[in-house]
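A.B. asks: Return atomic coordinates for the entry below.
(chains A and B)
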Amino acid sequence: MAFHVQNVKKQKTRSNFTFNASIGGAIPLLLLLTLLVLLPFVFIFIYAITNKGESNYIYLTFDNFAQFITEPNFLRSAGMSIYFAFIATLICLVIGYPVAYFIGRSKASLRNILVMLITIPMWINMLLRILAWKQIFELFEKWMNVEIIGTDFAILFGMAYDLLPFMIIPIYTSVMKIDPSLYEASKDLGANPIKTFFKVTIPLSMPGIISGITMVFLPAATTLVVTEKLGGGKSRYFLIGNIIESYFIRQTNPYVGSAIALILSVIIFLVIFLLNRLDRTVVRDRELTTSVKKRRKA
Amino acid sequence: MSAQVLKDRVPLKIKNRRKSLSNQEYHPHFALTSYTWLIFILLYLPIISVIVFSFNSSKSVSNWGGFSFTWYESLFKNRVLMEDLRTTLSIAAIATVFSTIIGTLGAIGLAELNKKKPKFVNFVLSVNNLPLVNPDIVTAVSLMTLFLAIQSVLEMGYITLLLAHIAFCTPYIVIQVYPKVLSQDPSEIEAAMDLGATRRQAVMKVMIPDLMPSILSGAMLAFTMSFDDFIISYFVGGKSQNISVYIYSMKTFSPIVNALSTIIFLAIGLVVLGFQVFNSTKKKREER
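C.D. replies: Numbering: from 1, shown residues only, chains lettered A, B, ... in the order given. Below you'll find the predicted structure:
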């Protein structure tokens, strides 16, 4: 008995010590997150509400916000960013869904190969892939005597090509989780394949669709490379990413640029928040129906 | 028949697909199969065409001047590009080492802390996710404002580039490793300690080897993220630039880029392929 008590005591002290040692390991991470992730956001905020006077003194102002609200160029760019990103997302969804469905329903051996084939291009620098398309487009322009670079087609194609894997991957994971007996049940109950697709497959893959949309829309709206390299220098393709670039790197007015970035991140958080809410209500809805059913059975 | 009817008859919460009642195999329609392969061809078309273009001795894409290694030669003779390649590789290597160590220790620490202060850990994880959910340009701008503010102490260049890369690589390690730490069986560590190991030994000899696959995949992700990064390096690089920034800032396009791209494609393709093979053989071994 005495031995037992002693043993317990020993273990207790030991685990107390370990506790602190392990948590100590997290200190570098916490420091890094504070200094290099949170602090920079504080600086965006500070820059957004200040400006530099003539003799290098810094003063508080809201002009940075006023400047781009009154500037028609900015609003037009913001509108165009949303417009192009929206269409690119739609294209990704329409083109990517069948591929995701195919991958999600194929056998594990084929599926693994297909997923690997989808992921490999994602590892490769998007700048290089976009430049590759630019050369292919130039080739087509010479062969067929059409204008491709500097058209809406080129921009949308670049965005959709670049972001298609981000749409396919979340959708295929949720298609994979659908029990195939549901398709049979739907068939047995008299639904044709089209009806089954719209009433069973699409609703059950909704979480994947939603996360795919977030993963495509945001990078498409803030792209810098696609518009710069495939836009042919036209002002129509000067989107929000290019505006931020011009304020920070070309004109070096980080104050107005920060104000834009701040607004942008607020919008992004709203979008993500709303989509998460939507996702949760979809999931909750489904869980609710199952739990009601269980109770009924009981 | 609406989904409502289906919902009433079939339990929808399915956790394990193997339990499915269905034993019918899926036979996709011919059109769907060919469509999928078409998309895959489109996905690889630019990569293949760049490889072909890189061996074209003519400067213009539209005419084939014969097979040659001209562009590879001028690639290795281009001093600026070689210097930038060195910067890219050294930044990627150092950032990977630092972020892997910080991220792994951090994930283990957070998992331990989660037992006492789950709310705080949740907060830390959502901060950790900031660079992952934010578009690169927002992360880039936020880091640039920080570095602009401390410009007089630390000029923008190699060091700021490295700090920025460590900052955006570490979160990838944390999200790869943290869930694995949580799902680890605590009795293994206890067993090691009962057998006389100190906590540090238990972590080093039992926990870390167990986590190794996810640490490695996190490290690989971090390396390629850093190697491929353009936007963040473009904003915070200052005097130092990596190859992406070099290519982006080039005024006239040169086929040297095709030669460089080919080398990068092949290197990354081989690494990813090797990693996949490594993973699948490991899985098979575990199943046995």
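
A.B. asks: so for stretch A:43-58, what's the average pLDDT?
C.D. replies: Stretch A:43-58 shows a mean pLDDT of 81.

A.B. asks: got it, and stretch A:241-255?
C.D. replies: Averaging pLDDT along stretch A:241-255 yields 84.

A.B. asks: Could you work out the end-to-end span of that stretch for me?
C.D. replies: End-to-end distance of stretch A:241-255 (C-alpha to C-alpha, to the nearest Å): 16 Å.

A.B. asks: Which residues does it contact?
C.D. replies: The contact list for stretch A:241-255 (C-beta atoms under 8 Å, 6 or more residues apart in numbering or on different chains) reads A:47-48, A:50-52, A:64, A:74, A:77, A:81, A:222-224, A:227-228, A:256-257, A:260-261, A:264, B:137, B:141, B:144-145, B:148, B:234-235. Every residue, glycine included, has its C-beta placed from N, CA and C.

A.B. asks: Strands - which of those land there?
C.D. replies: A:50-52 (DSSP state E).

A.B. asks: Can I get these in TSV including neighbour count and distance to chain B?
C.D. replies: Below are these laid out as TSV (neighbours: other C-beta atoms under 10 Å in any protein chain shown; distance: C-beta to the nearest C-beta, whole Å):
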residue	neighbour count	distance to chain B
A:Thr50	17	11
A:Asn51	20	13
A:Lys52	12	11
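
A.B. asks: So which of those is the closest to B:Leu105?
C.D. replies: Distance ranking of those against B:Leu105, using C-beta to C-beta, places A:Thr50 first at 37.1 Å.

A.B. asks: Roughly how far does A:Asp188 sit from chain B?
C.D. replies: Between A:Asp188 and chain B the computed distance is 9 Å (C-beta to the nearest C-beta, to the nearest Å).

A.B. asks: Could I get the pLDDT score of that residue?
C.D. replies: 89.

A.B. asks: okay, now it: neighbour count?
C.D. replies: Neighbour count for A:Asp188, taken as other C-beta atoms under 10 Å in any protein chain shown: 11.

A.B. asks: swap in the one 5 residues further on?
C.D. replies: The tally of other residues near A:Pro193 (other C-beta under 10 Å) stands at 12.

A.B. asks: Which of the helices or strands spans the closest residue to it other than its chain neighbours?
C.D. replies: Distances taken as C-beta to C-beta, 6 or more residues apart in numbering or on different chains put A:Lys187 closest to A:Pro193, at 7.9 Å, once the chain neighbours are dropped. Assigned by DSSP states H and E, A:Lys187 belongs to helix A:180-188.

A.B. asks: residues of that helix that come out buried?
C.D. replies: Buried residues in helix A:180-188, counting neighbours by 16 or more other C-beta atoms under 10 Å in any protein chain shown, are found at A:180-187.

A.B. asks: list the helices and strands it packs on?
C.D. replies: helix A:193-196, helix B:3-9 (3 or more C-beta pairs under 8 Å, 6 or more residues apart in numbering or on different chains; DSSP states H and E).

A.B. asks: ranges for the helices of chain B?
C.D. replies: Here chain B has its helices, by DSSP state H, at B:3-9, B:30-54, B:70-77, B:79-113, B:118-133, B:136-149, B:158-182, B:186-194, B:199-202, B:208-228, B:231-236, B:243-249, B:256-287.

A.B. asks: pLDDT on the shortest one, on average?
C.D. replies: Averaged across helix B:199-202, pLDDT comes to 81.

A.B. asks: Give the other helices and strands that that helix contacts.
C.D. replies: By 3+ C-beta pairs under 8 Å, 6+ apart, helix B:199-202 packs against helix A:2-24, helix B:186-194.

A.B. asks: Export only the CA atoms of that helix, formatted as CSV.
C.D. replies: The C-alpha coordinates for helix B:199-202 follow below in CSV (Å, rounded to 0.1, in the frame of the first residue of the first chain):
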residue,chain,number,x,y,z
ARG,B,199,9.3,13.3,-20.6
ARG,B,200,11.8,14.7,-23.1
GLN,B,201,13.0,11.3,-24.1
ALA,B,202,9.4,10.1,-24.4
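
A.B. asks: Domain ranges for chain A, per the record?
C.D. replies: A:25-61, A:72-282 (automatic domain parsing).

A.B. asks: Show me which of those domains has the highest average neighbour count.
C.D. replies: Neighbour counts (mean count of other C-beta atoms under 10 Å in any protein chain shown) averaged over each of those peak at domain A:72-282, with a mean of 19.

A.B. asks: From A:Leu29, how far out is B:Ser54?
C.D. replies: With distances taken as C-beta to C-beta, to the nearest Å, B:Ser54 is found 41 Å from A:Leu29.

A.B. asks: Show me what the nearest residue to A:Ile58 once chain neighbours are set aside bridges to in the sheet.
C.D. replies: Spatial nearest neighbour of A:Ile58, chain neighbours left out: A:Thr50 (5.2 Å); criterion: C-beta to C-beta, 6+ apart. Counting by DSSP bridges, A:Thr50 forms beta bridges with A:Leu60.

A.B. asks: Identify the residues contacting A:Thr50.
C.D. replies: Shown in contact with A:Thr50 (C-beta under 8 Å, 6+ apart): A:58-61, A:255.

A.B. asks: Now do B:Ala27: how many residues are near it, please.
C.D. replies: Actually, residue B:27 is His. It isn't Ala. Residues near B:His27, counting by other C-beta under 10 Å: 8.

A.B. asks: Lowest mean pLDDT among the helices and strands of chain B, which one is it?
C.D. replies: Using mean pLDDT, DSSP states H and E, helix B:3-9 stands out as the lowest-scoring helix or strand of chain B, at a mean of 38.

A.B. asks: thought B:Asn134 was touching A:Ile267?
C.D. replies: No - the criterion here is C-beta atoms under 8 Å, and B:Asn134 misses it with A:Ile267 at 11.5 Å.

A.B. asks: So which residue is dead centre in chain B?
C.D. replies: B:Leu221 (2.5 Å; C-alpha atoms, centre = their mean).

A.B. asks: low-scoring stretches of the stretch 151-288 of chain B, by residue?
C.D. replies: Applying pLDDT under 70 to the stretch 151-288 of chain B picks out residues B:286-288.

A.B. asks: Close to chain A: what parts of it are there?
C.D. replies: Contacts of the stretch 151-288 of chain B with chain A, taken as C-beta under 8 Å from any C-beta of the partner chain, map to B:163-164, B:166-167, B:170-171, B:174, B:193, B:199-200, B:203, B:224, B:227-228, B:230-231, B:234-235, B:244, B:247-248, B:253, B:257-258, B:261, B:264-265, B:268-269, B:272-273, B:276, B:280.

A.B. asks: buried subset of those?
C.D. replies: B:163-164, B:166-167, B:170-171, B:174, B:193, B:199, B:203, B:224, B:227-228, B:230-231, B:234-235, B:244, B:247-248, B:253, B:257-258, B:261, B:264-265, B:268, B:272, B:276.

A.B. asks: wait, doesn't the residue nearest to A:Pro193 sit right on A:Thr196?
C.D. replies: Yes - at 6.6 Å, A:Lys187 counts as touching A:Thr196 under the criterion of C-beta under 8 Å.

A.B. asks: Distance-wise, check A:Lys142 relative to chain B.
C.D. replies: For A:Lys142, the distance to chain B - C-beta to the nearest C-beta - is 4 Å.

A.B. asks: what does A:Phe197 give?
C.D. replies: Taking C-beta to the nearest C-beta, one finds A:Phe197 at 11 Å from chain B.

A.B. asks: that older thread, quick check, the residue nearest to the centre of chain B in contact with B:Thr170.
C.D. replies: No - B:Leu221 is beyond contact range of B:Thr170, at 11.3 Å (criterion: C-beta under 8 Å).

A.B. asks: Can you show me the helices along the stretch 1-150 of chain A?
C.D. replies: Using DSSP state H, counting those that start in this stretch, the helices of the stretch 1-150 of chain A run over residues A:2-24, A:27-33, A:39-48, A:63-70, A:72-105, A:108-123, A:126-144.

A.B. asks: can you redo those helices as TSV with distance to B:Glu83?
C.D. replies: TSV is the format used below for the helices of the stretch 1-150 of chain A (distance: least, C-beta to C-beta, whole Å):
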stretch	distance to B:Glu83
helix A:2-24	40
helix A:27-33	28
helix A:39-48	28
helix A:63-70	37
helix A:72-105	35
helix A:108-123	24
helix A:126-144	19
